[in-house]
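Chemist: Need a 3D model of the sequence below.
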Amino acid sequence: MRQIYEKKGRFAKRVNYGVVLYYNNRYICAVFRNKNKDTRPINKQSTNGSMKNSTAVICALARDCAQAIQKNIPRIEALRKTFSECDVLIIENDSKDNTKVVLQDWAQKSQGVYVICNNFGTITIPTKANGKVFPTCTYYRIEKMARYRNMYLEWVEKQTKDYQYVVVLDIDVYWFSPKNIAPIIQKAPEDWGAICANGKCQRSCFGQFRYYDLYAFLKRKTDKINISCSEEIILQDPYTAVFSAFGGLAIYKYTAIQGLRYQALPYDDEQIEVQCEHINLNAGIADRGYKLYIAKNLKLNAFVFEIPYRIKLFVLKNKHIKSFLVKHHLANPSPS
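Modeler: Numbers count the residues shown, from 1 in each chain. Prediction:
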């Protein structure tokens, strides 16, 4: 048995189960209808992995991440081929490693890649924060992030090209798949204004993966920000509507964000001084009547603890080592 989509005209009707039989040189399909019918328009655009006659720009911030950029350049170049025309804009600041050189070399070799380098003299994350405030949730950090992100929004607005999509990427992530972007856009609900990645991150060497970027996540507008790394976002549907998210990669309809700006808005919490800059932008998208979705198949790994597989397998099979790791929250109680 398997789930089947029954097509009638422009609509696809989802049914729970069907039996497919091969008899007398032909297939016979018996369909059992689902009481909870799910009908939605079928996008007539091809879902073969390309979006012809569509234009986009990929925007990212970069600092001290030369190695990650080198790994992600091929993925970004593959993503660019999804669209008929796709530019790249990287806003770099204050890097001490080889980031500036890597970006400038990329811009010279690849047409449509633009790099703006700055030396503002800022630090990435304050080593200390006032009281109980998390260093990543301070006004200092978020105001800076909002200011840098607004640089690429302002750049996009000044271009003469008619971009249909803006893709925002954390360029220092461990891995993301460029192959899924086109079908995810093409199959999305028609009211989407932003589609965010189902980002994951690994918090310890043998730990399970958790949802990435909880600071930007709100299921509903009235929810409280919860940045606990133990929080999991369970996605059962291909597209889950939420009020705010990012996940390391987000695709925006340009009409949904044109004229909007990131801001560092105060937040009433002793550990969180200001909202994540993505929340304010996503609120503006909602105000325009668009919806934001997390796409289950838009997968991204923000970071992982790399360890040789054979070593990991040996450790997890040793019950004494495993019990020690579980006790100190360095491994999952369940088998990997």
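
Chemist: quick one, strands of the chain?
Modeler: 2-8, 11-23, 26-32, 39-41, 51-62, 83-93, 113-118, 165-169, 175-176, 192-202, 209-211, 239-242, 249-253, 291-301 (DSSP state E).

Chemist: Residue 265 is nearest to which of those?
Modeler: strand 291-301 (17.6 Å; Cβ to Cβ). To be clear about C-beta, it is placed using only N, CA and C from the backbone, and glycine gets the same treatment.

Chemist: quick check: angle from that closest one to strand 249-253?
Modeler: Orientation check (axes from the mean of the first three to the mean of the last three Cα atoms, to 10 degrees): strand 291-301 against strand 249-253 gives 150 degrees.

Chemist: For the remainder of this discussion, apply numbering that starts at 189.
Modeler: Shifting the count to begin at 189 puts that one at strand 479-489.

Chemist: Walk me through which strands strand 479-489 pairs with, and which way each runs.
Modeler: Strand 479-489 has its sheet partners listed here by DSSP bridges as strand 363-364 (antiparallel), strand 380-390 (parallel), strand 427-430 (antiparallel).

Chemist: how about those strands, which one is nearest residue 333?
Modeler: Closest among the strands paired with strand 479-489, using Cβ to Cβ: strand 380-390, at 16.8 Å.

Chemist: residue ranges with poor pLDDT in this structure?
Modeler: 189-238, 314-318, 391-396, 417-419, 492-505, 510, 513-524 (pLDDT under 70).

Chemist: same thing but at 90, please
Modeler: The model of the chain has pLDDT under 90 over residues 189-240, 310-320, 323, 367-368, 389-399, 415-423, 490-524.

Chemist: before we move on, back to that, quick one: the strands paired with strand 479-489 as JSON lines, columns for mean neighbour count and distance to residue 246 too.
Modeler: Below are the strands paired with strand 479-489 laid out as JSON lines (neighbours: other Cβ atoms under 10 Å; distance: least, Cβ to Cβ, whole Å):
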{"stretch": "strand 363-364", "mean neighbour count": "20", "distance to residue 246": "12"}
{"stretch": "strand 380-390", "mean neighbour count": "24", "distance to residue 246": "13"}
{"stretch": "strand 427-430", "mean neighbour count": "18", "distance to residue 246": "22"}
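
Chemist: Quick one: the helices in the stretch 339-488 of the chain, in order.
Modeler: 369-374, 442-445, 465-475 (DSSP state H, counting those that start in this stretch).

Chemist: just the strands of the chain: most buried one?
Modeler: strand 437-441 (a mean of 25; mean count of other Cβ atoms under 10 Å).
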